[in-house]
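Participant: pasting a predicted model and its sequence here:
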Amino acid sequence: MLGYVRRNISEVEYHTWFAPVKNLGVQEGSLVLGVRNSFAQEWFRKHYLELLEDALRSLGAEHPQVSFQVLPAQQEAMLLPSDPPPPPPGRTQSERSQAAPPADNRKSLNPKYTFENFVVGPNNNLAHAAALAVAESPGKAYNPLFIYGDVGLGKTHLMHAVGHYMAERFPEKRIEYVSTESFTNDLINAIRDDKMTQFRNRYRSVDLLLVDDIQFLAGKERTQEEFFHTFNALYENHKQIILSSDRPPKDIQTLESRLRSRFEWGLITDIQSPEFETRVAILKMNAEHNRIDIPQEVLELIARQVTANIRELEGALMRVVAFASLNNVPFSRAVAAKALSNVFAPQEVKVEMIDVLRQVASHYNMPPDVIRGSGRVREVVVPRQVAQYLIRELTDHSLPEIGQFFGRDHSTVMHAISKVTEALGKDVELTGAVNTLRRKMQGLEDEGLDT
Ligand SMILES: Nc1ncnc2c1ncn2[C@@H]1O[C@H](COP(=O)(O)OP(=O)(O)OP(=O)(O)O)[C@@H](O)[C@H]1O
């Protein structure tokens, strides 16, 4: 069936969407395909349902039915499998291959969330260093390790990375990742089914316990009580505990003080929103893992628009890839702006001085440095004035800042702006250039896209 699909769509499209799909078999007469998230589910329903039904018809099905199910997080792999992680420091490949066969101690871990796949930047380097220290000396370096930060910034990723690292080195160790919600539900079920001994055995016999979203312990007295005993049992046996939360322990309301103080025993570290360069690096890594060749300037445009949440950043990249492949157009800034325009209103598109300069340079077919340089011939002066005019219009930069960018003072920029303003409506060529460039920069250039 996949052969049929592959013949009918582009290679990029196939790799982006179909390579990660899992066949979950036939349920109630419908072929069920597992997809990585709800965005992909919606996308498949909208764009590939007919194709898949045709594929089934080509195999003789009379009334083909296909449905899509989101895979649970731990089954969700990289879109395409990446290379296996390198051996941890201190062990050679041959020693590694003689080690015991990997136990299923990674079953609660997402295979994508490794240290190798974690981009380190100023926003997360302390949390990363702490996680690495814990991975190297579990139960010794910092116990517990408490990581906090806003939604989608990599807390779960780092916790799992410690798990993978430990699983690789000590296949016999027991690793358990659980959300606070699952811990609570397990407890409720254990109480209901009279299975508290099993519950305690399960959580108190692990070597590494990773608990996500610990802030949800707030207000749950019975769960807090049980977690307190779990914590003590592990701690006393020098087992490593890592907790994540959206806020530091002191800000978790209605948390028993004995728990709060325990959470503060080890190391508390936070993760902040990534800055621009880190966002671009994350996008680049994602694109490389998925073997998508996408120009840096397109990645930069995406990174400028999605600033606060890495999960959304990854979603934005997927949107752009999907949009370009469905419209069969190469990646460009205009395509990316268009792909994201439903999610981010055009006025939110942030344009930087360097973007304007690049666009003007490409419009006039000359290197950006020549426009910024000292040349005084009309062929260079006009593009320079246009660039300064558009920067003033499309960015928040002040006249002195624009002047500095061009190595000139603010009065030169003022002069450039008034020159362009005067010429608009009179000089047809210049007016055309300004309008085209403005549209491009605002992401409104449609490049003949079929939307
Ligand atoms: N530094 C990073 N490098 C690469 N990918 C990252 C990085 N930080 C986060 N991610 C990716 O961003 C996505 C969200 O990360 P994660 O689920 O760990 O966030 P979180 O902080 O636990 O969020 P939540 O509070 O919603 O649970 C994941 O796909 C993760 O792989």
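Facilitator: Yes, it's here. Numbers count the residues shown, from 1 in each chain.
Participant: C-alpha from now on. contacts and neighbour counts both.
Facilitator: Noted.
Participant: for Thr114, give me its contacts.
Facilitator: Contact criterion C-alpha atoms under 8 Å, 6 or more residues apart in numbering gives His157, Leu158, His160, Ala161, Val162, His164, Tyr165 as the residues in contact with Thr114.
Participant: the fourth one: how many residues sit nearby?
Facilitator: Counted with other C-alpha atoms under 10 Å, the neighbours of Ala161 add up to 26.
Participant: how about the nearest residue to it once chain neighbours are set aside, secondary structure?
Facilitator: Using C-alpha to C-alpha, 6 or more residues apart in numbering and skipping the chain neighbours, the partner closest in space to Ala161 is Thr114 (4.1 Å). Secondary structure, DSSP: H, G, I helix; E, B strand; the rest coil: Thr114 is coil.
Participant: and what of Asn143?
Facilitator: In the three-state summary, Asn143 is assigned as coil, counting by three-state DSSP.
Participant: that one - how many residues pack around it?
Facilitator: 23.
Participant: next SSE after the strand or helix carrying Glu401?
Facilitator: With elements taken from DSSP states H and E, the one containing Glu401 is helix 399-405. Past helix 399-405, further along toward the C-terminus, the next helix or strand under DSSP H and E is helix 410-423.
Participant: averaged pLDDT, that next one. What do you get?
Facilitator: Model confidence over helix 410-423 averages 94 on the pLDDT scale.
Participant: now do stretch 175-187
Facilitator: Across stretch 175-187, pLDDT averages out at 95.
Participant: and the strands in the stretch 151-300 of the chain?
Facilitator: Under the criterion DSSP state E, counting those that start in this stretch, the stretch 151-300 of the chain carries strands at the ranges 175-179, 208-212, 240-245, 267-271.
Participant: who wins for proximity to Glu401 among the ones you listed?
Facilitator: strand 267-271 (31.3 Å; C-alpha to C-alpha).
Participant: list the contacts for the residue nearest to Asn124 when sequence neighbours are not counted?
Facilitator: Residue nearest to Asn124 in three dimensions, not counting chain neighbours: Ile271, with 4.9 Å by C-alpha to C-alpha, 6+ apart. Contacts for Ile271 (C-alpha under 8 Å, 6+ apart) come out as Asn123, Asn124, Ala127, Ile147, Tyr148, Gly149, Asp150, Leu153, Gly154, Lys155.
Participant: who wins for neighbours among the residues you listed?
Facilitator: The most neighbours of any of those, using other C-alpha under 10 Å, belong to Ile147, which has 29 neighbours.
Participant: quickly find the element holding that one.
Facilitator: Ile147 belongs to strand 145-149, assigned by DSSP H and E.
Participant: just list what that strand packs against, helices and strands only.
Facilitator: Judged by 3 or more C-alpha pairs under 8 Å, 6 or more residues apart in numbering; DSSP states H and E, the packing partners of strand 145-149 are helix 125-136, helix 155-169, strand 240-245, strand 267-271.
Participant: from the ligand, how far out is Arg392?
Facilitator: Separation of Arg392 from the ligand (C-alpha to the nearest ligand atom, to the nearest Å): 34 Å.
Participant: alongside the ligand, which residues does the stretch 301-450 of the chain contribute?
Facilitator: The stretch 301-450 of the chain has residues Ile310, Arg311 near the ligand, with proximity defined as C-alpha under 6 Å from any ligand atom.
Participant: so for Met78, what's the pLDDT?
Facilitator: pLDDT for Met78: 35.
Participant: what does Tyr148 give?
Facilitator: If you check Tyr148, the pLDDT there is 97.
Participant: show me what contacts it?
Facilitator: Lys155, Ser244, Ser245, Asp246, Arg247, Pro248, Ile268, Thr269, Asp270, Ile271.
Participant: go ahead and confirm Ile294 touches Ala287.
Facilitator: Yes. With contact taken as C-alpha atoms under 8 Å, Ile294 and Ala287 are classed as touching, separated by 7.1 Å.
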